[in-house]
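**Q** Here's a sequence, model it:
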Amino acid sequence: MNMQLQDQQMPIMEHLIELRNRLTWSVLALFVTFGVCYYFVEDIYGFLVRPLAEAMGPGSDRRMIYTALTEVFFTYVKVSFFAACFVSTPVVLGQIWAFVAPGLYKNERKAFYPFLFATPILFLMGGAMVYYFIMPLAWKFFLSFETAGSQTGLAIQLEAKVGEYLSLVMKLIFAFGLSFQLPVLLTLMARAGLVTSQGLAKKRKYAVVITFIVAAVMTPPDLISQIGLAVPIMLLYEISIIMARISERKRAASMADEDDDLDDQNGQGNADDDVNAQSAAAASAGNMDNSTAKASSDETSSSDTSSEPKKQSKPSASGASGDDDEDDFNNAR
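**A** Residues are numbered from 1 along each chain as shown. Got it, this is the predicted structure:
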């Protein structure tokens, strides 16, 4: 009993040890990339602040401010961690795949390969879109509220805090990158049979409402950012419907092939059964013929055996009569 429990517990312990090793490598990769990103944090800061600097215009005497003593330090730590998560994503995904792949069949592993490549690419596309298209438009829109001042009022100028600005930028990049994962999520759900292309198409109007609500929550309170996020999400939703339809066709084709293989196997099995039945019938008929021939041979041999004693008894009888005649002759004398 104890041996059976140990045999059942060993695979679980091996999986836990493997999971621990994969998590260790993932955390180690995150810490290493965090150190590298913190070393280049000023370059990363310059990259993230460039859209605002370009929206302000060249030659403008603008600056970023901070109002707390530790604000810049913790902002740099936050930016470094954000960049480290982005840079270490391939390593983390590789460790997750190395843990999951041994438990999958070969065809299942091949089915997951496109999603492994599509996930980081779509995230990059979302980040690039918000950085090169949405941010310049949104920053110009917000800067349009500045006033130069007049005789009756004071000028209104932007004095952006470094922590608030970088938090907003990272939030936008994360929101767009995560939203661009919609085709991957819906296609996987379609492969698993949780959703269908027809169901997604019928719920399109609800998807539009939910998309604009999500865009309003995840973006700054301006129409440009909201539309800039909602429109790509709806396009990705339509792409997801197409991908789900393609996945359904492939699954139907594979199921048809499996049914054909089962029919062929059943047909071959029935043919083998018929051949075996015919062979058994022929063997039974042969055994019956052999039994009949053997019975006939036994009868013939028994009849021959019974006739031989009769032939041998005749000389014995003649010999006995000869002895009787000799006795009578002696008595007469």
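**Q** if I look at Arg50, how far off is Leu200?
**A** Note on Arg50: its distance to Leu200, by CB to CB, to the nearest Å, is 38 Å. To be clear about C-beta, it is placed using only N, CA and C from the backbone, and glycine gets the same treatment.
**Q** Looking at the two now, which is surrounded by more residues?
**A** Leu200 (20 against 13; other CB atoms under 10 Å).
**Q** Could you pull up the residues touching the more buried one?
**A** Leu186, Ala207, Tyr237, Ser240, Ile241, Ala244 (CB atoms under 8 Å, 6 or more residues apart in numbering).
**Q** Sort out for me which of these are in helices.
**A** Counted as lying in helices by DSSP state H, out of the contacts of Leu200, are Leu186, Ala207, Tyr237, Ser240, Ile241, Ala244.
**Q** For Phe133, state which of those is nearest.
**A** Taking CB to CB as the measure, Phe133 sits nearest to Tyr237 out of these, at 19.3 Å.
**Q** Any stretches of the stretch 51-200 of the chain with poor pLDDT?
**A** The stretch 51-200 of the chain contains residues with pLDDT under 70 at 59-60, 149-152.
**Q** and if we set it to 90?
**A** Within the stretch 51-200 of the chain, the stretches with pLDDT under 90 are 53-68, 86-87, 89-91, 93-94, 96-121, 134-160, 171-172, 174-200.
**Q** ok, back up a step: neighbour-wise, which of the ones in helices among the contacts of Leu200 leads?
**A** Ranked by neighbours (other CB under 10 Å), those are led by Ala244, which has 24 neighbours.
**Q** Next, Lys203: phi, psi?
**A** phi -100, psi 20 (degrees, to the nearest 10).
**Q** sorry, back to before: looking at the contacts of Leu200, which is nearest Ala175?
**A** Checking the contacts of Leu200 against Ala175 by CB to CB gives Tyr237 as the nearest, at 16.0 Å.
**Q** quick one: the helices in this protein?
**A** With DSSP H as the criterion, the chain has helices at 2-39, 41-56, 71-87, 89-100, 106-129, 135-143, 162-179, 182-191, 197-202, 204-218, 223-332.
**Q** count of neighbours near the closest residue to Phe142 other than its chain neighbours?
**A** Closest residue to Phe142 apart from its sequence neighbours, by CB to CB, 6 or more residues apart in numbering: Asp222 at 7.1 Å. Applying other CB under 10 Å, we find 13 residues neighbouring Asp222.
**Q** Just name the closest of the ones in helices among the contacts of Leu200 to Met170, please.
**A** Proximity of the ones in helices among the contacts of Leu200 to Met170 (CB to CB) peaks at Tyr237, which lies at 25.0 Å.
**Q** just to revisit the earlier point, for the contacts of Leu200, please prepare a markdown table with the additional fields distance to Met125.
**A** As requested, those are exported to a markdown table (distance: CB to CB, whole Å):
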| residue | distance to Met125 |
| --- | --- |
| Leu186 | 17 |
| Ala207 | 20 |
| Tyr237 | 15 |
| Ser240 | 15 |
| Ile241 | 19 |
| Ala244 | 20 |
